[in-house]
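1. Sequence first, then the predicted structure:
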Amino acid sequence: MVDVIVGVSTGLIASLFYRYDGEHTCLPAVFLGTLYWFFYGTAFVLGILEIISGELQTGVVRFLAVAVKTFILSLGTSFGMQIVLDSPKEVWFDTVGNCGTIDLSVQWWRIPLYLACSASALAQYRFPHVDYWRGLSVQLVGYEVQYQVFLFLRTRHSQDLQDTAAANLLGAIGAVVFAAIMSYFVESITYYYHARVLQRHKGKFSPFGEFCYKMSEIYIRITNCLGFGKKNDVVYLRMAAKLKEQREEMENPAHSRTEIMLTLEEEIVFIEAIVQAEDLNIWALLMPTLYQLVPGSLIARLWFNTIFLPPLDSECKVIDGTDYNFVKPVQSASHAVFESLLVTAVSLALGTLIGFGVVEYGTYILTKLFCCKNENQQITSDPNASADSIGTINLRKSSRNFFSHTINENNPSSDLYTIDENDPASDSERNTEDTNVNEEAGFDDDNITETNNDLLQPLL
């Protein structure tokens with residue numbers, strides 16, 4: 001019902017502007033630009049991505065859901081046009097002359113306008129304000145690669161859609177690769193800050209590490225002064241000194257302190273700091289980017305050409321030696337839009353897959369070539385290493401940048417055996433296994449009694 005109301009109101013308001021503003025309004029541009037924020041364009045590309053990856057059930061369901069929702073919005077817009085205009089179909093085709101009158105390639109405000117639209121997309125995704133610069137950077141790279149490649153190829157492929165396919169393919173690849181590279185450098189720099197404030201590192205870092213820590217601290221204070229940073233980050237900076245003091249007292253055998261005590265408010269800030277220390281998932285950067293690149297307007301244009309059937313174009317030739325004419329139908333505009341829709345969606349999906357492949361295999365090759373270890377990525381080959389060691393954590397974090405990454409706990413194929421809940425022997429085995437796991441991790445059930453100790457485990 002909401003989609004119908006949105007579509008009807010959009011068609012009604014735009015038609016009123018067209019009727020009482022000298023009929024100079026480009027209705028398709030107004031409709032597509034307004035309904036764009038209600039389309040499931042990203043879901044459409046993800047549906048194609050899932051179909052290509054073999055997830056046919058979820059991919060087809062997502063694909064159909066996007067098509068139905070877009071059709072409802074488009075149909076509601078046509079209802080709004082009927083309320084105001086006498087002949088909506090004629091008006092729809094008459095307004096074509098009002099569209100496409102601006103050459104964006106020569107306009108200085110092309111990139112600022114795109115960044116403003118991209119910021120709106122980030123706001124729709126509830127993107128953290130302090131990370132807007134990261135999201136906008138990935139969106140700008142994807143857009144510029146797509147736009148420049150299209151301008152370069154459009155004169156060579158004026159009669160086909162290869163320019164569209166190449167532009168979207170390279171745009172998606174560029175966005176994925178740039179997002180992965182930027183995430184690597186940002187995470188490498190912020191590691192020193194989180195290691196210091198969460199007491200994960202004793203002593204001083206290298207000069208480079210100390211510089212990165214100072215820059216991160218300055219960035220947090222500046223963003224808070226400007227009003228778009230997180231206030232709790234500054235609170236935790238002040239609280240870090242208290243945590244360091246209490247930890248030193250616990251490690252001192254001559255001191256009576258046996259646990260780190262925090263108030264309820266301090267516990268909330270501490271938990272938020274732990275969550276904030278986790279790396280930003282690469283999909284958090286790519287989803288808004290795909291949202292800007294996906295063919296949401298093409299889906300709506302396809303349905304509008306279904307509602308307002310375009311006239312049949314034809315070529316009329318006289319048959320030699322007769323008085324008869326031969327009429328040859330020309331490919332309809334509706335068919336061309338559908339082809340462009342599929343080419344754009346599939347090329348974006350393939351570009352995303354190829355981009356993840358480039359990141360994964362590029363990381364593997366660079367690791368094999370240089371095989372460098374730094375103080376924030378100590379990779380260990382010990383099979384008995386703790387699951388919470390720094391090397392294991394960094395490996396787990398870096399693997400999330402790969403499209404093929406899966407979590408074993410959520411993967412049924414990783415189950416080695418099935419436990420029968422009604423079998424007493426299974427209960428005994430499970431209890432024995434839990435005890436062994438706790439012993440290997442260094443946990444003692446008799447000592448884990450305080451909530452603060454559970455929360456402050458990273459400090460111990």
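-> Done, it's in.
2. Give me the distance between the residue nearest to residue 5 when sequence neighbours are not counted and residue 40.
-> Leaving aside its sequence neighbours, residue 5 sits nearest to residue 76 (Cβ to Cβ, 6 or more residues apart in numbering; 7.4 Å). Yep, even glycine has a C-beta here, placed from its N, CA and C like the rest. Noted for residue 76: a distance of 15 Å to residue 40, by Cβ to Cβ, to the nearest Å.
3. same thing with residue 226?
-> 34 Å.
4. For these two, indicate the residue with more neighbours.
-> residue 40 (21 against 10; other Cβ atoms under 10 Å).
5. Who are the contact partners of that one?
-> 65, 66, 69, 70, 296 (Cβ atoms under 8 Å, 6 or more residues apart in numbering).
6. so where's this protein shaky on pLDDT?
-> Scanning the chain for pLDDT under 70 picks out 41, 295-296, 311-337, 371-460.
7. Dead centre of it: give me the residue that sits there.
-> With distances taken as Cα atoms, centre = their mean, the residue of the chain nearest its centroid is residue 287 (2.2 Å).
8. which residues does it contact?
-> Residue 287 neighbours (Cβ under 8 Å, 6+ apart): 42, 125.
9. Next, it: secondary structure please.
-> helix (DSSP: H, G, I helix; E, B strand; the rest coil).
10. Kindly provide the distance from it to residue 20.
-> Relative to residue 20, and taking Cβ to Cβ, residue 287 is found at 40 Å.
11. follow-up on the earlier one: inside helices: which ones of the contacts of residue 40?
-> 65, 66, 69, 70, 296 (DSSP state H).
12. Distance to residue 220 and neighbour count added to these, as a markdown table?
-> Output for those, formatted as a markdown table (distance: Cβ to Cβ, whole Å; neighbours: other Cβ atoms under 10 Å):
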| residue | distance to residue 220 | neighbour count |
| --- | --- | --- |
| 65 | 41 | 14 |
| 66 | 40 | 23 |
| 69 | 41 | 17 |
| 70 | 42 | 27 |
| 296 | 36 | 25 |
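13. what's the most distant pair in those residues?
-> Based on Cβ to Cβ, the longest span within the ones in helices among the contacts of residue 40 runs between 65 and 296 and measures 13.6 Å.
14. which residues are in contact with stretch 55-66?
-> By Cβ under 8 Å, 6+ apart, stretch 55-66 touches 39-41, 43-44, 46-53, 299.
15. Repeat that for stretch 128-145.
-> Residues from elsewhere that reach stretch 128-145 (Cβ under 8 Å, 6+ apart): 111, 114-115, 118-119, 121-122, 127, 167, 170-175, 178-179, 182, 186, 223, 228-230, 280, 284-286, 288-289, 292-293.
16. now the strands for the chain?
-> Remark: strands assigned in the chain by DSSP state E are 314-318, 325-329.
17. which residues touch the closest residue to residue 168 other than its chain neighbours?
-> Distance criterion Cβ to Cβ, 6+ apart; nearest residue to residue 168, sequence neighbours excluded, is residue 347 at 4.0 Å. Residue 347 makes contact with 164, 165, 166, 168, 169, 172, according to Cβ under 8 Å, 6+ apart.
18. Just those residues: which are in helices?
-> 164, 165, 166, 168, 169, 172.
19. residue contacts, residue 146?
-> 167, 168, 170, 171, 293.
20. Repeat the analysis, applying 7 Å as the threshold.
-> Counting by Cβ atoms under 7 Å, 6 or more residues apart in numbering, residue 146 makes contact with 167, 168, 171, 293.
21. would you turn those residues into JSON lines with distance to residue 155 and neighbour count?
-> Formatted as JSON lines, those follow (distance: Cβ to Cβ, whole Å; neighbours: other Cβ under 10 Å):
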{"residue": "167", "distance to residue 155": "13", "neighbour count": "25"}
{"residue": "168", "distance to residue 155": "18", "neighbour count": "28"}
{"residue": "171", "distance to residue 155": "19", "neighbour count": "28"}
{"residue": "293", "distance to residue 155": "22", "neighbour count": "26"}
